[in-house]
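K.L.:
pasting a predicted model and its sequence here:
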Amino acid sequence: MAPSAVTGAHLGDDRRTLFLDTQVPSGAHACFRELKAVLTEPMTDLVRVQVTFTSPSADRASGCTKESTATAKVRLPRPLGDREVVVDYNTVFTAHGAEPPALRLCGELGCTPPTTGCTAASYEQALMAVDAPAHTYRDSEKCDGEWLVLDFSWRTGPACGDSTDPACSSRLGHRWFFRAKKSGWEPMLRTSAGGCQDVQRKEPAFPTSLCASLAPLPASLHPSHAPASATPTTGQTVASTVVAEVLGDVRAELLIYVRTLCE
C-alpha cells in the first residue's frame, strides 16, 4: 500500500541518496513494515519514485488507527541536479528555490507558478483560489496587473450535444474581485451586482475603470430565492380543514356519548 502523504524530501551529502518523509499507520503495535522507495522508470528530466509498505491497518481491530512519520530512501543512478522528483504520480519536489539539502514541495500550480498578472495561467490560479467548480469557463476578465474582476460560469445540466435542450445549456456563474499578491490573486469579494458600488465599498482603491461598465450578472446565472412564506399553501389549508372537520366529528360523538350516560 502507499502512504497517505509524502510531506518532505531531502538529499544526502552525495546528492544521489533521496530521503522521503511519509505518513504511515501507527498504533500500539507494529503497524507497517517493508517501507521502501523505488524508481519506476529510468531518470530523464524527471525522477519518478513510488513508495510502498505493508500494513494490517485495513483491519480496524489491528489498532493501527493513527499516523506517524517514517522515512524511505532510494539511491539515484546519478546526482539529482535540477530534475524534479515525482512521488506516486501527484506529489512533486524540486531543488529550485529550496534550502539544501531539503527539496521544496510544489503546489497545485506546479513548481514554477505563473507570475500574478493578466494572463490565462494567472486567471486559472484565481479560479483555484475561489474553489471554482471543475470545467468552469471564464466568461470575461478585466485586469490591470494589480486588480482583477473575473466572471465565470459552469454547466449544471447533463453532458449532451443538443444545445437546444434547456437541460443541456443550464449554467450557474459568479463574479469575483481580486487583488494581486506575491502568492497569486487574492479573492476580495463575490457579487452579482453591476458597477462599482459593492467592490468600492469593500475596497475603495479598486479602480473605477475596471468596474464602471460591469452589467449585473444575468438572473439565470445567479438566481435568488425568496425566503419561505409563512402563508399556508393550498395543500396545507386543505389538510388543516380536514383535520378540523375530523376533530369536530369526534367532539360531537363524545358529547352524544356523555349525554347518553347522564340520561
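P.N.:
Thanks, I have the structure now.
K.L.:
break down this structure into its helices, ranges please.
P.N.:
Here the chain has its helices, by DSSP state H, at 120-129, 166-169, 197-202, 208-211, 234-262.
K.L.:
how about the third one: buried residues?
P.N.:
For helix 197-202, a neighbour-count test (16 or more other C-beta atoms under 10 Å) marks 198-200 as buried. C-betas here are computed from N, CA, C, even on glycine.
K.L.:
now the residues you listed as TSV including distance to residue 191 and pLDDT?
P.N.:
Output for the buried residues of helix 197-202, formatted as TSV (distance: C-beta to C-beta, whole Å; pLDDT from 0 to 100):
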residue	distance to residue 191	pLDDT
198	4	96
199	7	96
200	11	97
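K.L.:
between these, which sits nearest residue 187?
P.N.:
residue 199 (11.7 Å; C-beta to C-beta).
K.L.:
and the gap between the closest one and residue 138?
P.N.:
18 Å (C-beta to C-beta, to the nearest Å).
K.L.:
residue 198 too?
P.N.:
Applying C-beta to C-beta to residue 198 and residue 138 gives a distance of 20 Å.
K.L.:
point out where the stretch 51-200 of the chain drops to low pLDDT.
P.N.:
Residues of the stretch 51-200 of the chain meeting the criterion pLDDT under 70: 157-169.
K.L.:
please, where are all the strands along the stretch 1-150 of the chain?
P.N.:
Counting by DSSP state E, counting those that start in this stretch, the segments of the stretch 1-150 of the chain that form strands are 5-11, 17-26, 33-39, 46-54, 66-75, 84-87, 91-94, 104-105, 137-143, 147-155.
K.L.:
list the neighbouring strands of the third one plus their orientation.
P.N.:
Okay, so that is strand 33-39. strand 46-54 (antiparallel) (DSSP bridges).
K.L.:
next one: the last one
P.N.:
Strand 147-155 has the following sheet partners, assigned by DSSP bridges: strand 137-143 (antiparallel), strand 171-181 (antiparallel).
K.L.:
out of those strands, which comes closest to residue 37?
P.N.:
The nearest among the strands paired with strand 147-155, by C-beta to C-beta, is strand 171-181 at 35.6 Å.
K.L.:
now do the closest one and helix 120-129, the angle between them.
P.N.:
110 degrees (axes from the mean of the first three to the mean of the last three C-alpha atoms, to 10 degrees).
K.L.:
quick check: the nearest residue to residue 33 once chain neighbours are set aside vs residue 47, distance?
P.N.:
Closest residue in space to residue 33, ignoring its immediate chain neighbours: residue 54 at 5.6 Å, by C-beta to C-beta, 6 or more residues apart in numbering. Plainly put, residue 54 is 24 Å away from residue 47 if you go by C-beta to C-beta.
K.L.:
so for those two, which residue has more residues nearby?
P.N.:
residue 47 (22 against 10; other C-beta atoms under 10 Å).
K.L.:
burial measure for the spatially closest residue to the more buried one that is not a sequence neighbour, as a count.
P.N.:
Excluding the flanking residues, the one nearest residue 47 by C-beta to C-beta, 6+ apart is residue 85, at 4.7 Å. Applying other C-beta under 10 Å, we find 23 residues neighbouring residue 85.
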